[in-house]
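>>> coordinates only, sequence not included:
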C-alpha cells in the first residue's frame with residue numbers, strides 16, 4: 001500500500017531539501033544524494049559517475065525508511081556491503097520520519113556515510 005498523498009508530499013519536501021543541502025553545488029557533477037519513493041518505502045542513496053563511462057551514474061544504497069501500516073511507525077534500515085538491508089538497531093523505529101533522517105545525518109556509528 002502506498003503512502004497517502006499528504007504524506008508523500010511531506011516526504012518529498014523533506015528529502016528534497018535534505019538532498020539539496022547534503023552536496024555542495026560545485027561538486028554536484030561528481031556526487032549526488034538522491035531518494036526514491038516506492039509504495040511504503042523511501043530509499044536514500046548516493047550516486048557517482050561510473051569510472052569508465054562518466055555519462056552513467058552508479059547508485060549506492062545509504063538508508064531505507066519503511067512505514068508499517070499496522071503500527072504506523074517508520075522503520076530505519078542500513079545496507080551492508082553486499083547491498084542487503086538490515087534494521088538499524090540503535091534507533092529502529094519512530095512515528096516521525098524526520099527524526100530517523102536526522103539519525104542518518106548524525107550517523108554516530110558510521111554505518112550510513114562511513
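On my side now, so go ahead. Predicted model only: the values in this text are computed from it and were never measured.
>>> for the rest of this, base every contact and every neighbour count on C-alpha atoms.
Fine.
>>> could I get the buried residue list for the longest helix along the chain?
In the chain, with assignment by DSSP state H, the single longest helix is helix 5-22. Neighbour counts over helix 5-22 (16 or more other Cα atoms under 10 Å) mark 8, 11, 15, 18, 19 as buried.
>>> taking these, tell me the two that lie furthest apart.
Greatest spatial distance among those (Cα to Cα): 8 and 19, at 16.0 Å.
>>> show me the shaky parts of the chain.
1 (pLDDT under 70).
>>> what about the strands in it?
For the chain, the strands defined by DSSP state E cover 32-38, 41-49, 57-68, 73-79, 85-87, 93-94.
>>> what helices or strands is the fourth one leaning on?
With contacts defined as 3 or more Cα pairs under 8 Å, 6 or more residues apart in numbering; DSSP states H and E, strand 73-79 has these neighbours: strand 57-68, strand 85-87, strand 93-94, helix 97-106.
>>> mind putting these in CSV, distance to residue 29 and mean neighbour count included?
CSV is the format used below for the helices and strands packed on strand 73-79 (distance: least, Cα to Cα, whole Å; neighbours: other Cα atoms under 10 Å):
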stretch, distance to residue 29, mean neighbour count
strand 57-68, 10, 19
strand 85-87, 28, 15
strand 93-94, 34, 18
helix 97-106, 22, 17
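>>> now render the ones you listed as JSON lines, adding distance to residue 48.
As requested, the helices and strands packed on strand 73-79 are arranged in JSON lines below (distance: least, Cα to Cα, whole Å):
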{"stretch": "strand 57-68", "distance to residue 48": "5"}
{"stretch": "strand 85-87", "distance to residue 48": "21"}
{"stretch": "strand 93-94", "distance to residue 48": "29"}
{"stretch": "helix 97-106", "distance to residue 48": "19"}
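>>> of those, which is nearest residue 50?
Among these, strand 57-68 sits nearest to residue 50 (Cα to Cα), with 5.4 Å.
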